[in-house]
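> One predicted model, sequence on top.
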Protein chains: 2
Amino acid sequence: MSCLYYPQISVDCVVFGYDERQLKVLVVKKDVDNSTVVVNNVKLPGSIIKSEEDLDSAATRILEEYTGLSKIYLRQFKAFGNPVRSSDADVLWTQKVVSLGITRLVTVGYVALIKLGKKVSLKSSDGMYAEWVDVSECKKLHLAFDHKDIIRDALENIKMMIKSEPHLLFELVPKKFTLLQVRALYDSIYEKKSDAANFRKFIFSIPGVAALPEVESGVPHRAARYFTYIKPKR
Amino acid sequence: MSCLYYPQISVDCVVFGYDERQLKVLVVKKDVDNSTVVVNNVKLPGSIIKSEEDLDSAATRILEEYTGLSKIYLRQFKAFGNPVRSSDADVLWTQKVVSLGITRLVTVGYVALIKLGKKVSLKSSDGMYAEWVDVSECKKLHLAFDHKDIIRDALENIKMMIKSEPHLLFELVPKKFTLLQVRALYDSIYEKKSDAANFRKFIFSIPGVAALPEVESGVPHRAARYFTYIKPKR
């Protein structure tokens, strides 16, 4: 290899959450006071990996920094290494943050699934603050690097994963859920209206789904039964 | 980030082939003339990515270098970044090959599936020669880096992928195959003996499997029908 160059490796997390209306994704922002350079100041929560840090540990650290959560579903899904994935503005920004002369950045994408609720309080880290945006709104946002592609691929990945591991749906709803809640989530992920009877069959085919002796209270419609998911022992 | 360090990114390919008896994996070797240092001289075909090269292009290049093949099933499956994945001997070897002072190497693993046959002729590249070894023999080999873990994970990955995309089996058998051939391959991958009737049902449930108007000739047992797989148009 004749050409000497110094790439760096980062980890970026596509964190999905569901607020019972919309599938959301976590982005981080920085208010930049710079009138001469256009900086893409919205990106995925991520970080260059530290010298002694494993990829999984880096992803766990990033998630904890921005959400305070540690025990959530988190999985590597794809590495992104297009040599032109960083614009000049992105490189400039990264160099400012890490004080490194970076010529190329390869990133490893992770998917995380979070139950939105009282327990999630977003935090700031490195002067960046985290914010939920609707997945449907992402297409309109101007994101740094190839982060729009990473979100698109992460979404395709969870659609595929839910087909082989449908219990992943329960990572996004409260521990106690109604069928209507899961169906609304499912429809939100696949962007289509599913058939109620077929969906019922599909959910009951997942080992570990159990009815609770409890129904909704104080609702204007007929009270729906609550269900839960108990991971079967292998 | 206070600690300045220079990682490099490589691509390693786990190339599976099937010779109608055993599932095989491609390794590369180098005859090292060095009596003072113990060098792990068996590894996966791989390379540090070039400065202007995409990850997929690097994997395609590596495969073509060692097998002469370009149009084969190739897919990224996982990045490996454990900070201690390279032993001192591995680092020394890498430094010799690429003349770089590498402190850390993160690799992106690819899986490739090859039909073994007359068309595959292994080649040498960079003084390394390629060789097929039985997957079952891999456990006994002393491989460089964490390449044994990478092969294990790649095998788990194809087992999982075949469950959701069973047509991947046909990437490993000749274009014209008998049910017995595919079943022997399947049993070799999953390391178990499958039931003939159930396997028949399973294969016929894959869209695109078609019977050919042709049976085996010159076999001592009852001649079996040939089948083929035609990828359905979406």
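Looks like it arrived, so ask away.

> what about stretch A:219-232, average pLDDT?
For stretch A:219-232, mean pLDDT is 94.

> If you could redo that for stretch A:21-32, that was the one I meant.
Model confidence over stretch A:21-32 averages 87 on the pLDDT scale.

> neighbouring contacts of it?
Under the contact criterion Cβ atoms under 8 Å, 6 or more residues apart in numbering or on different chains, stretch A:21-32 has outside partners A:13-18, A:39, A:41-45, A:66-67, A:116, A:122, A:125, A:127-136, A:138, A:141, A:143, A:151, A:184-185, A:188-189. Every C-beta, even on glycine, is put in place using the N, C-alpha and C of the backbone.

> Keep only those of the residues you listed that are in strands.
With strands defined by DSSP state E, the entries of those inside them are A:13-18, A:42-43, A:125, A:128-134.

> hmm, back to that, list buried members of the contacts of stretch A:21-32 by neighbour count.
Neighbour counting with 16 or more other Cβ atoms under 10 Å in any protein chain shown marks A:13-18, A:41-45, A:66-67, A:116, A:128, A:130, A:132-133, A:135, A:138, A:143, A:151, A:184-185, A:188-189 as buried within the contacts of stretch A:21-32.

> longest helix of chain A?
In chain A, ranked by residue count with DSSP state H as the criterion, the top helix is helix A:147-164.

> what about it, distance to the chain center?
Using Cα atoms, centre = their mean, to the nearest Å, the distance from the centre of helix A:147-164 to the centre of the chain it belongs to is 10 Å.

> wait, does it make contact with chain B?
Yes: using Cβ under 8 Å from any Cβ of the partner chain, a contact is recorded between helix A:147-164 and chain B, made by A:Met160, A:Lys163, A:Ser164.

> Let me see the contact set for the second one.
Which is A:Lys163. B:Ser164.

> Look up how far B:Leu113 lies from it.
Counting by Cβ to Cβ, to the nearest Å, the gap between A:Lys163 and B:Leu113 amounts to 21 Å.

> what comes up buried for stretch A:204-217?
A:Val209.

> Ok, stretch A:150-157 next?
Within stretch A:150-157, judged by 16+ other Cβ under 10 Å, the buried ones are A:Ile150, A:Ile151, A:Asp153, A:Ala154, A:Leu155, A:Asn157.

> Return the member of those residues nearest to chain B.
Minimum separation from chain B among the buried residues of stretch A:150-157 (Cβ to the nearest Cβ) is found for A:Asp153, which lies at 10.9 Å.

> Roughly how far does the residue nearest to the closest one when sequence neighbours are not counted sit from B:Arg104?
The shortest distance from A:Asp153 to any residue that is not its chain neighbour, by Cβ to Cβ, 6 or more residues apart in numbering or on different chains, is 5.8 Å, and that residue is A:Lys78. Distance of A:Lys78 to B:Arg104, computed by Cβ to Cβ: 21 Å.

> Check whether A:Arg194 sits in a helix, strand or coil.
Small correction: residue A:194 is Ser, not Arg. Under the three-state scheme (DSSP: H, G, I helix; E, B strand; the rest coil), A:Ser194 adopts coil.

> Would you state the helices of chain A in chain order?
With DSSP H applied, chain A shows helices at A:55-67, A:88-98, A:135-138, A:147-164, A:179-190, A:196-204, listed in chain order.

> Can you say which of the ones you listed is nearest to A:Pro220?
Between A:Pro220 and the helices of chain A, the shortest gap by Cβ to Cβ is with helix A:179-190, which sits at 13.4 Å.

> other SSEs contacting that closest one?
Secondary structure elements in contact with helix A:179-190, counted by 3 or more Cβ pairs under 8 Å, 6 or more residues apart in numbering or on different chains; DSSP states H and E, are strand A:23-29, helix A:147-164, helix A:196-204.

> ok and the longest one relative to helix A:88-98, angle-wise?
Using axes from the mean of the first three to the mean of the last three Cα atoms, to 10 degrees, the inter-axis angle of helix A:147-164 relative to helix A:88-98 is 80 degrees.

> buried ones in the lowest-mean-pLDDT helix or strand in chain A?
Within chain A, confidence by mean pLDDT, DSSP states H and E is lowest for helix A:88-98 among all helices and strands, at a mean of 72. Judged by neighbour count using 16+ other Cβ under 10 Å, the buried positions of helix A:88-98 are A:Ala89, A:Asp90, A:Val91, A:Leu92, A:Trp93, A:Thr94, A:Val98.

> and what of stretch A:45-59?
In stretch A:45-59, residues buried by neighbour count (16+ other Cβ under 10 Å) are A:Pro45, A:Gly46, A:Ser47, A:Ile48, A:Ile49, A:Glu53, A:Asp54, A:Leu55, A:Asp56, A:Ser57, A:Ala58, A:Ala59.

> Which members of these are the farthest-apart pair?
By the measure Cβ to Cβ, A:Pro45 and A:Asp54 form the most distant pair in these, at 17.6 Å.
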